[in-house]
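> Only the shape, not the letters, is given here:
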């Protein structure tokens, strides 16, 4: 039997040779992981020469086969721009005309183009257009060099200062962000109340309190047409629904809110989560339904993590924030409501979209898919108008407690505004903002916080540090900080601990900016502080031995008078008051541990 079996060809299929003829297919089709068509582009519509079209089509098809749909669309737009250049240049008749000189003319042509507003294209936009074309050309040069008869090279760093041309975007103040959040929470409560009422109507055989019999029957009938999702208007007409009854109860948009999440109700969820998580606008849209994780240490905290397309090359950097679930409007609670309100939409979404959180049914295509950023952008204006109408009514009814009107904002402003507020609250700590924004480089974070407010904060910090340095030298206190009630380290007065204070009573009011009876804000940080707690064990003794070694090492390097003035009191407290409290039996074990501890940096 085995001798009659056909021999299996186990040879690996080799790639097509470099000189293989190009196919005549100018249509590029991209599929998702389930085989469904995601994008379809016909490069023949670009009106380029046929051989040039086939070269770009093959490179486009293979190079961007695994790219995100947004990247594929951006590459298509760059090809459209290049086709415009080719039509005006009239110097590209075949692939023989694709050379380095052509790229040079294309760069000059890009420099002359303007936006619809009449302003020149930004350096970043020009660099991106050139980058997409370079990727296609380099792919062809690497795998099919014979398709490009002429040498074609791109200049290195055509736009070296592209990142320095970013215009300073507007920033929303703290009061404006709070007003936006309050308006979001109001609409979230209203949408959730309507949805819960709809669930009661669907799950109860009796009419709930406060609901008319007409609305009760209408909601149940609408839910039966399309499996709990509002159907299209033509479909409802085919099922002989009374349009006057639908209009009387607010129309299909209002009635859809009883069954599932609507586009109007989605926006306040999106804006609230954008402010709380400080996520990128596009990354927030792609939140997955399993984006929550329990905190490993704190019972009431939940970690929200998400993906970001440009958070790394091969290894993506995790994007995450943790929140206290006990807060009513914390991000995990809002996500739970979104999960419940979008549950009826999940079965009608495509396989690739079912795991997304922000699902909504399109009023144009009547399909269920993640909301687009353009939809969010257009919905912000309606949200601001509705909220300001409510605020105007409130201000007329309660003029003694006026509320701030919502500004005309865009979703793109939220991340930078939140970053600026974190920067100000942390006292100018850009590393803290870097962690909030999940950035790899502080340079990227600086782009988000750059602005007049942060520049003033930076100037104040530098000025305060300069006053402290001068006070340290001449022996004068930072009276300017004390007058402004800023609790800052008093480096100008006599210190008994490094960067500490000379006090035996933490409520004596010795710390700058404090009064008698007020607890020192640095309690526990000074060697002679009554609030200092040191566990009696070998690891802590090892660290103390390391500190003692650092003091003795600095005594040999610093000026004796300076060391006696600044560090001798702390050294004596460490040696005479703290070390004797440790039993002799711990010293041997602590000495072994101290050998493996890292060496402390020099005091100066």
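Cool, the structure landed. All of these numbers come straight from a predicted model, not from anything done at the bench.
> residues making contact with the regular element (helix or strand) spanning residue 218?
Element membership of residue 218 [criterion: DSSP states H and E] is helix 213-225. Contacts to helix 213-225, defined as CB atoms under 8 Å, 6 or more residues apart in numbering, come from residues 198, 201-202, 207-208, 230-231, 235-236, 239, 241, 245-246, 248-249, 255, 258-259. Using the backbone N, CA and C atoms, a C-beta is placed for each residue, glycine as well.
> wait, residue 72 sits on residue 32?
No - between residue 72 and residue 32 no contact is recorded; they are 11.5 Å apart, counting by CB atoms under 8 Å.
> what's the overlap in contacts for those two?
Joint contacts of residue 72 and residue 32 (CB under 8 Å, 6+ apart) are residue 38.
> List the buried residues in the helix or strand harbouring residue 550.
Take DSSP H and E as the rule and residue 550 turns out to sit in helix 538-557. Burial within helix 538-557, assessed by neighbour count using 16 or more other CB atoms under 10 Å, is assigned to 538, 540-548, 550-551, 554.
> Residue 132: helix or strand, and which one exactly?
Going by DSSP H and E, residue 132 is in helix 123-143.
> can you give me the helices in the stretch 451-600 of the chain?
For the stretch 451-600 of the chain, the helices defined by DSSP state H, counting those that start in this stretch occupy 452-474, 479-483, 538-557, 560-566, 568-572, 585-596.
> Kindly reformat those helices as JSON lines and extend each row with distance to residue 306 and mean pLDDT.
Compiled in JSON lines, the helices of the stretch 451-600 of the chain are given as follows (distance: least, CB to CB, whole Å; pLDDT from 0 to 100):
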{"stretch": "helix 452-474", "distance to residue 306": "26", "mean pLDDT": "83"}
{"stretch": "helix 479-483", "distance to residue 306": "40", "mean pLDDT": "48"}
{"stretch": "helix 538-557", "distance to residue 306": "38", "mean pLDDT": "88"}
{"stretch": "helix 560-566", "distance to residue 306": "49", "mean pLDDT": "82"}
{"stretch": "helix 568-572", "distance to residue 306": "47", "mean pLDDT": "84"}
{"stretch": "helix 585-596", "distance to residue 306": "39", "mean pLDDT": "88"}
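> and the ones you listed as JSON lines, adding distance to residue 170?
Rendered in JSON lines, the data for the helices of the stretch 451-600 of the chain read as follows (distance: least, CB to CB, whole Å):
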{"stretch": "helix 452-474", "distance to residue 170": "11"}
{"stretch": "helix 479-483", "distance to residue 170": "31"}
{"stretch": "helix 538-557", "distance to residue 170": "49"}
{"stretch": "helix 560-566", "distance to residue 170": "47"}
{"stretch": "helix 568-572", "distance to residue 170": "49"}
{"stretch": "helix 585-596", "distance to residue 170": "53"}
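> Which one of the ones you listed lies nearest to residue 514?
Each of the helices of the stretch 451-600 of the chain was checked against residue 514 via CB to CB, and the shortest separation belongs to helix 479-483, namely 9.7 Å.
> how near is residue 552 to residue 580?
17 Å (CB to CB, to the nearest Å).
> sorry, that was for residue 469
37 Å.
> for the protein, longest helix please?
Counting residues, the longest helix in the chain under DSSP state H turns out to be helix 174-203.
> State the number of residues packed around the closest residue to residue 154 other than its chain neighbours.
When the adjacent residues along the chain are set aside, residue 154 lies closest to residue 134, with 4.9 Å between them (CB to CB, 6 or more residues apart in numbering). The local packing of residue 134 (other CB atoms under 10 Å) involves 17 other residues.
> try residue 472
The tally of other residues near residue 472 (other CB under 10 Å) stands at 16.
> What distance separates the opening and closing residues of stretch 156-174?
Its start and end residues considered, stretch 156-174 measures 43 Å (CA to CA, to the nearest Å).
> Repeat that for stretch 559-571.
Terminal residues of stretch 559-571 are spaced 16 Å apart (CA to CA).
> What residues of that stretch count as buried?
Of the residues in stretch 559-571, those buried by neighbour count under the rule 16+ other CB under 10 Å are 563, 566, 567, 569, 570, 571.
> Just put these in JSON lines and tack on distance to residue 171.
Rendered in JSON lines, the data for these read as follows (distance: CB to CB, whole Å):
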{"residue": "563", "distance to residue 171": "47"}
{"residue": "566", "distance to residue 171": "42"}
{"residue": "567", "distance to residue 171": "44"}
{"residue": "569", "distance to residue 171": "46"}
{"residue": "570", "distance to residue 171": "44"}
{"residue": "571", "distance to residue 171": "48"}
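> wait, which of the buried residues of helix 538-557 is closest to residue 446?
For the buried residues of helix 538-557, with residue 446 as the reference and CB to CB as the criterion, the closest is residue 550, at 33.9 Å.
> you'd agree that closest one is up against residue 600?
Yes - counting by CB under 8 Å, residue 550 touches residue 600, with 4.2 Å between them.
> The longest helix of the chain vs helix 213-225, what angle?
Angle between the axes of helix 174-203 and helix 213-225 is 80 degrees (criterion: axes from the mean of the first three to the mean of the last three CA atoms, to 10 degrees).
> Now the closest residue to residue 30 other than its chain neighbours: phi and psi?
Distances taken as CB to CB, 6+ apart put residue 39 closest to residue 30, at 4.4 Å, once the chain neighbours are dropped. Note on residue 39: backbone dihedrals following degrees, to the nearest 10 are phi -140, psi 150.
> Report how many residues lie close to residue 39.
Under the criterion other CB under 10 Å, the count of neighbours that residue 39 has is 15.
> start the count at 45, not 1, going forward
Understood, numbering begins at 45; the last thing we discussed is residue 83.
> Residue 213 versus that one, what's the distance?
Going from residue 83 to residue 213 by CB to CB gives 30 Å.
> can you check residue 244 too?
Distance of residue 244 to residue 213, given as CB to CB: 44 Å.
> before we move on, the earlier item: derive a ChimeraX selection command for the buried subset of the contacts of helix 257-269.
Selection of buried members from these for ChimeraX, criterion 16+ other CB under 10 Å:
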select :242,245,246,274,275,280,285,290,293,299,302,303
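> Show me the contacts of helix 257-269 that map onto helices.
Those of those mapping onto helices are 242, 245, 246, 279, 280, 289, 290, 292, 299, per DSSP H.
> Could you list which residues are in contact with the fifth one?
Right, the one you point to is residue 280. With contacts taken as CB under 8 Å, 6+ apart, residue 280 has the following neighbours: 266, 269, 290, 296.
> May I ask which of those residues has the most neighbours?
Neighbour counts for the contacts of residue 280 were taken using other CB under 10 Å; the highest belongs to residue 266, which has 23 neighbours.
> what about residue 346, helix or strand, and which?
With secondary structure defined by DSSP H and E, residue 346 is part of strand 345-350.
> Tell me the first helix or strand C-terminal of that strand.
Moving on from strand 345-350 towards the C-terminus, the next helix or strand you reach (DSSP H and E) is strand 363-368.
> helices or strands next to that next one in the packing?
Secondary-structure packing of strand 363-368 (3 or more CB pairs under 8 Å, 6 or more residues apart in numbering; DSSP states H and E): helix 307-321, strand 345-350, helix 375-386.
> in it, what counts as buried?
363, 365, 367.
> what residues are up against the first one?
To tie it back to what came earlier, the one meant is residue 363. Applying CB under 8 Å, 6+ apart as the definition, the contact partners of residue 363 turn out to be 323, 327, 349, 350, 351, 352, 355, 482.
> What about these, which one has the most neighbours?
Counting neighbours by other CB under 10 Å, residue 323 leads these with 25 neighbours.
> rewinding a little: could you pull up the mean pLDDT of the longest helix of the chain?
Here the mean pLDDT over helix 218-247 is 94, rounded to a whole number.
> list the buried ones in it?
When neighbours are counted by 16+ other CB under 10 Å, the buried residues of helix 218-247 are found to be 220-221, 223-225, 227-228, 231-232, 235-236, 238-239, 241-246.
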